[in-house]
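K.L.:
coords please:
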Amino acid sequence: MGRLDKASEGLLLLTNDSEWAARVLAPSSHIAKTYHVQIAALAEEPLLSALQAGVRDGNDFLRAEHVRELRRGERNSWLEIVLKEGKNRQIRRMLESLGVEVLRLVRVAIGGLALGPLGQGKVSEADCCGKVVR
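P.N.:
This next block holds a predicted model:
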């Protein structure tokens with residue numbers, strides 16, 4: 001539940017509860033989706049402000065609910081970007097319109113359900129309330 005493009009990674013939810021899935025995915029639900037994004041630039045305040053203020057991409061107005069820098073290297077930064085809408089390739093499109101290349105994009109949470117220490121390709125089962133059942 002909740003698509004990721006083929007160049008992205010991270011938390012996917014699988015469910016057989018179609019009503020719950022519809023509530024979580026509905027744009028009107030405004031459930032936050034949190035991403036960690038490595039960019040090929042140093043994150044300066046103008047970039048962070050532009051992502052929160054929003055950018056126009058074609059007919060779409062794209063904005064992040066919240067953005068902060070997690071860490072920086074010599075030539076790149078990791079950002080935490082929170083979205084409450086989920087337009088197709090939204091983060092990549094926002095950053096591209098600002099001239100910034102995305103190096104890596106990882107969804108780390110959907111609402112209160114977080115990826116946590118779960119490794120790539122690993123699975124954890126949870127009941128409808130998000131409690132892990134082993």
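K.L.:
tell me which residues of whichever strand or helix holds residue 93 are tucked away?
P.N.:
Using DSSP states H and E, residue 93 sits within helix 90-97. Buried residues in helix 90-97, defined by neighbour count with 16 or more other C-beta atoms under 10 Å: 90, 91, 92, 93, 94, 95. C-beta: built from backbone N, CA, C; applies to glycine.
K.L.:
Give me the contact list for that helix.
P.N.:
5, 7, 35, 37, 39, 51, 55-57, 60, 62-64, 81, 83, 87, 101-102, 105 (C-beta atoms under 8 Å, 6 or more residues apart in numbering).
K.L.:
Adding pLDDT and distance to residue 15 as columns, could you present the buried residues of helix 90-97 in a markdown table?
P.N.:
Output for the buried residues of helix 90-97, formatted as a markdown table (pLDDT from 0 to 100; distance: C-beta to C-beta, whole Å):
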| residue | pLDDT | distance to residue 15 |
| --- | --- | --- |
| 90 | 92 | 23 |
| 91 | 95 | 24 |
| 92 | 94 | 26 |
| 93 | 95 | 27 |
| 94 | 96 | 28 |
| 95 | 97 | 30 |
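K.L.:
which among the residues you listed gets closest to residue 119?
P.N.:
residue 91 (22.7 Å; C-beta to C-beta).
K.L.:
other SSEs contacting the helix or strand of the chain with the lowest mean pLDDT?
P.N.:
Using mean pLDDT, DSSP states H and E, the weakest-scoring helix or strand in the chain turns out to be strand 9-10, at a mean of 78. If contacts are counted by 3 or more C-beta pairs under 8 Å, 6 or more residues apart in numbering; DSSP states H and E, strand 9-10 sits against strand 102-110.
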